[in-house]
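Undergrad: below is the sequence, then the predicted model.
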Amino acid sequence: MEMSMASTTPCFSLPKKTFCISTPLLKKQLFGTTLPGCLSAKLPLKLNPIHTSIKCAVSEATQAPSALEKKSQLMRRSDIRNIAIVAHVDHGKTTLVDSMLKQAKVFRDNQFVQERIMDSNDIERERGITILSKNTSITYKDTKINIIDTPGHSDFGGEVERILNMVEGVLLVVDSVEGPMPQTRFVLKKALEFGHAVVVVVNKIDRPSARPEFVVNSTFELFIELNATDEQCDFQVIYASGIKGKAGLSPENLGEDLGSLFEAVIRCIPGPKINKDGALQMLATNIEYEEHKGRIAIGRVHAGSLRRGMDVKICTSEDACRFGRVSELFVYEKFSRVPAETVEAGDICAVCGIDDIQIGETIADKSDGKPLPSIKVEEPTVKMSFSVNTSPFVGREGKYVTSRNLRDRLYRELERNLAMKVEDGETADTFIVSGRGTLHITILIENMRREGYEFMVGPPKVINKRVNDKLLEPYEIATVEVPEEHMGSVVELLGKRRGQMFDMQGLGSEGTSFLKYKIPTRGLLGLRNSILTASRGTAILNTVFESYESWAGDISTRDLGSLVAFEDGTSTSYALMSSQDRGQLFIGPGVDVYKGQIVGIHQRSGDLALNVCKKKAATNVRSNKEVTVVLDTPLDFSLDDCIEYIQEDELVEVTPSSIRMLKNPKSAKKMR
């Protein structure tokens, strides 16, 4: 990197681009110069919005209206801001939203508020991750700020892509120690493609090993790598501690509240660009369902105004339109939906009354409305087969067990899950479900079993492509954070799975290393458990889809075979005592099993059939001494663990109360 300090504005050259840092804030970040007095970190919450010389990130696409926009006289609404909070998983988005809601007086002073209030779904609270995007809004200085909390896991990238259609800017939350991670790159790339304004929030600044300077520089490099415009590279940085509800313009001097963050949102993120007097246009970006209201379409009104009781046209394209009526209309105020008579262009609202509306359709004016461009999301990379339960225990626990029930539920999922695909399988009772990753499909399985469905799923397989007679497979960028003493075994494991390391660095003062790999998606199947075993539970693995590239060759993902039940019956302590010498068991005594059920992991390659139901012979010969039976604690495999474990000839039986693994009867393999 060459640096020229001859002129007053520092410039530096990188491959293909030269950047000049003109704003005081970025000079402060990169070169240590002082900030002007008007931007001191003690920005109180009650001040009027400050308009300074800072040029906040608004891309050329947003600034320069096209001929069509000029023709329709687009204008900006200054009383509304629509923002999405995006980040890598576990960088503190939902906790930051909690603090924003509390400081905007959304709740009463004596009201009990649980942590991560935006994670309302049971599975989200159990796993500690956001799965579905949620809407809320706060009012700050007469400006309504619509906030959308988005998922951070790469498997739910389709949810993030949709949401970016509704907003003009994003808060990019980055951990003060880890810096930009794979999903940070993904969501930022999408936001820049939309031409959105970006405010970077360096969160968890109170961590002992925080390194804000490194994080800001790494984020800046990421902007350049993603071909951001000069204006987008000139982003505003806010340093924050989401859990303490504090923010400031410098890491050493945080304010007592999130005032600096609110000011940055109002100053740096533009209001929505609207055609106030045009014909109504609203793109359905999300769908919710309620028992009494039916389907609820959520989206932003792009042009015109929407009224309760209005007759509208629902369009997918110019030719495919049908008519409907808006029965109820809601806007988001604080933490709830509030009924509204009229919604003006620029605001986000929820519409009831159109029972067959789908994501990506436009609610338009009845007479001369035109559809907006439909939503496109990236293709799925992993598929799994779903089939009806054929085990001897079928119907014991589930409410919905037939192929018709299964088919209806899977196709219903497509209505709100755009990144998923469902196809009919080879037989009438088999369906192929494709998603963005194993977690994406596992969350669907978990939801279905909680709803009372009973079915079987096969092992995950990657979706390959053939281009010009060349076989291509999906590759992902994997980042592993691992303590140095376990680094050797983790590197060996990733090497076996065709991973190619392209970066390695030490991380802070905590004695951990940060490894970056490019690895086939096939190599990641079943990797999480192996890495945790190799690192004694200390490694953190994150992945994000990169591209389709040449087939990498054969990959061995499991060396050990399975222990399989020999007959139907109930397991006994006597039988398990001798069985546990053959490997690790999944079951304890007194468990009902059936022939072909997987009851443990064999300590060698190849499967082994065992009789775990054998009873001790009761003879009339008195024994001198009763033998004390000592059994090992059985392995407790979750749904994710089971799906990672099974191979080509194995299935997972999913019921509302149990998760069992079994050998696939259709591909019976000879056992020892």
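TA: Arrived safely. Numbering: from 1, shown residues only.
Undergrad: determine the longest strand present in the chain.
TA: Criterion DSSP state E: the longest strand present in the chain is strand 470-483.
Undergrad: helix or strand right after that strand?
TA: helix 487-496 (DSSP states H and E).
Undergrad: just checking, what packs against the helix or strand following that following helix?
TA: Note on helix 487-496: by DSSP H and E, the next helix or strand toward the C-terminus is strand 500-507. Applying 3 or more C-beta pairs under 8 Å, 6 or more residues apart in numbering; DSSP states H and E, we find strand 500-507 packed against strand 512-520. C-beta here means a position set from N, CA and C on the backbone, and glycine is covered the same way.
Undergrad: between the strand it packs on and strand 500-507, how many degrees?
TA: Counting by axes from the mean of the first three to the mean of the last three C-alpha atoms, to 10 degrees, strand 512-520 lies at 160 degrees to strand 500-507.
Undergrad: quick check: mean pLDDT of strand 512-520?
TA: Computed over strand 512-520, the mean pLDDT rounds to 87.
Undergrad: counting by contacts, list what the very next helix or strand once past it packs against.
TA: Heading C-terminal from strand 512-520, the first helix or strand you meet, by DSSP H and E, is helix 521-524. Counting contacts by 3+ C-beta pairs under 8 Å, 6+ apart, helix 521-524 is packed against strand 470-483.
Undergrad: and the strand it packs on, average pLDDT?
TA: The model assigns strand 470-483 a mean pLDDT of 87.
Undergrad: please apply the same query to stretch 556-563.
TA: Rounded mean pLDDT across stretch 556-563 is 82.
Undergrad: now that stretch: buried residues?
TA: By neighbour count on 16 or more other C-beta atoms under 10 Å, the buried set for stretch 556-563 is Thr557, Gly561, Ser562, Leu563.
Undergrad: between the two ends of stretch 331-346, how far is it?
TA: 12 Å (C-alpha to C-alpha, to the nearest Å).
Undergrad: scratch that, stretch 186-203 is what I was asking about
TA: 18 Å.
Undergrad: avg pLDDT for it?
TA: So the average pLDDT for stretch 186-203 ends up being 86.
Undergrad: same thing with stretch 89-108?
TA: 71.
Undergrad: check the gap between Asn664 and Gln584 for me.
TA: 22 Å (C-beta to C-beta, to the nearest Å).
Undergrad: looking at those two, which one has more neighbours?
TA: Neighbours per residue (other C-beta atoms under 10 Å) separate Asn664 from Gln584, with Asn664 holding more: 19 against 15.
Undergrad: list the contacts of that one.
TA: The contact partners of Asn664, taken as C-beta atoms under 8 Å, 6 or more residues apart in numbering, are Gly458, Asp649, Glu650, Leu651.
Undergrad: which of those residues sits closest to Asn275?
TA: Gly458 (49.8 Å; C-beta to C-beta).
Undergrad: tell me what the nearest residue to that closest one once chain neighbours are set aside is bridged to.
TA: Ranked by C-beta to C-beta, 6 or more residues apart in numbering and with sequence neighbours excluded, the top spatial neighbour of Gly458 is Ser385, at 4.0 Å. Note on Ser385: beta-bridge partners by DSSP bridges are Ile432.
Undergrad: I'd say Ser385 and Phe455 touch.
TA: No. Here Ser385 lies out of contact with Phe455, judged by C-beta atoms under 8 Å, at a distance of 10.3 Å.
Undergrad: the more surrounded of those two?
TA: Phe455 (29 against 18).
Undergrad: buried set for stretch 214-225?
TA: Buried, per 16+ other C-beta under 10 Å, within stretch 214-225: Val215, Val216, Thr219, Phe220, Leu222, Phe223.
Undergrad: closest one to Gly495 out of those, please.
TA: Scanning those for proximity to Gly495, where the rule is C-beta to C-beta, the winner is Leu222, at 26.9 Å.
Undergrad: ok, now how distant is the closest one from Glu213?
TA: From Leu222 to Glu213 the distance is 15 Å (C-beta to C-beta).
Undergrad: now swap in Phe455 and tell me
TA: 52 Å.
Undergrad: so what touches stretch 521-528?
TA: Contacts for stretch 521-528 (C-beta under 8 Å, 6+ apart): 381-382, 437-438, 459-460, 462, 473-476, 478, 493-494, 497-499, 541, 543, 545, 552, 555, 557-558, 640, 644-645.
Undergrad: could you list the low-pLDDT ranges of the stretch 451-600 of the chain?
TA: Low-confidence segments of the stretch 451-600 of the chain, defined by pLDDT under 70: 507-510.
Undergrad: could you give the number of residues near Thr427?
TA: So Thr427, with other C-beta under 10 Å, has 12 neighbours.
Undergrad: quick check: chain neighbours aside, which residue is closest to it?
TA: That would be Ser387: by C-beta to C-beta, 6+ apart, it lies 7.6 Å from Thr427.
Undergrad: and the one you found, that's in a strand?
TA: Yes. Counting by DSSP: H, G, I helix; E, B strand; the rest coil, Ser387 falls inside a strand.
Undergrad: would you indicate which residues of stretch 460-468 are buried?
TA: Neighbour count says stretch 460-468 has Pro460, Lys461, Val462, Ile463 buried, by 16+ other C-beta under 10 Å.
Undergrad: what's the burial count for the closest residue in space to the third one that isn't next to it in sequence?
TA: Translated: Val462. In this structure, Val462 finds its nearest non-sequential neighbour in Thr521, 4.7 Å apart by C-beta to C-beta, 6+ apart. If you count neighbours by other C-beta under 10 Å, Thr521 ends up with 24.
Undergrad: just Tyr400 next, same as before
TA: 16.
Undergrad: I'd say it and Arg449 touch.
TA: No. Tyr400 is beyond contact range of Arg449, at 10.3 Å (criterion: C-beta under 8 Å).
Undergrad: mutual contacts of the two, please.
TA: With the criterion set as C-beta under 8 Å, 6+ apart, the contacts of Tyr400 and Arg449 do not overlap.
Undergrad: state the distance from the residue nearest to Leu96 when sequence neighbours are not counted to Glu413.
TA: In this structure, Leu96 finds its nearest non-sequential neighbour in Gly242, 3.6 Å apart by C-beta to C-beta, 6+ apart. To Glu413, Gly242 is 32 Å away according to C-beta to C-beta.
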